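> Provided below for reference: sequence and predicted model.
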Amino acid sequence: MEDKRKYKRHKINDLEINVKMALADEVIINNLSMGGASLKADRRLNIGKEYLLQLETKEIDIRIKGVVVWSLLTESKADHKGNIIPIFTAGLKFIDDSQEKIKGLIDLLEEHEKSQYRTDVDPQLGEFVNLSEEFKEVFELFAN
């Protein structure tokens with residue numbers, strides 16, 4: 001299936017982003033693009049309502065508005081007192097001048113994604129990693 005999205009989505013992976021939103025104790029970004037974000041929150045996020053997110057990393061601190069375009073109750077968890085807390089997953093479309101604000105964070109995510117790949121090998125120069133030692137036992141199974 002072809003992805004027809006206007007902007008590339010970036011998974012957060014292990015990049016530490018502190019996310020704050022009014023009246024929510026826990027907010028986690030699933031993925032982010034220039035146009036919006038998918039997130040989980042321990043509060044109900046109403047479709048059509050605007051929310052202000054604060055996104056912080058070591059390098060960036062931005063506040064950005066978005067409007068909820070979809071929202072689902074996707075799970076629940078118990079707090080330390082045994083109370084059941086609903087967890088909502090939602091899609092937020094950024095509004096206002098968000099593209100200028102979010103560009104620095106997207107650049108940081110792209111740089112982080114690149115750093116996850118091995119940079120000590122350049123296949124365009126004919127350099128390859130010899131994995132035969134790491135997978136020697138597997139090769140031996142198929143050789144017999």
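It's in. Residues are numbered from 1 along each chain as shown.
> name the residues that touch stretch 81-99?
The contact list for stretch 81-99 (CB atoms under 8 Å, 6 or more residues apart in numbering) reads 30, 34-45, 50-51, 53, 64-79, 102. C-beta: built from backbone N, CA, C; applies to glycine.
> and these, which of them are buried?
Neighbour-count burial (16 or more other CB atoms under 10 Å) applied to the contacts of stretch 81-99 gives 34-43, 45, 51, 53, 64-68, 71, 102.
> please flag which of those sit within helices.
Judged by DSSP state H, helices contain the following of those: residue 102.
> can you list the residues that contact the lengthiest strand in the chain?
Using DSSP state E, we find that the single longest strand of the chain is strand 61-78. With contact meaning CB under 8 Å, 6+ apart, strand 61-78 is reached by 36-37, 40, 44-56, 84-96, 98, 101-102, 104-105.
> which strands border the very next helix or strand once past it, and is each parallel or antiparallel?
Downstream of strand 61-78, the first helix or strand assigned by DSSP states H and E is strand 84-94. The strands that strand 84-94 pairs with in its sheet are strand 36-41 (antiparallel), strand 61-78 (antiparallel) (by DSSP bridges).
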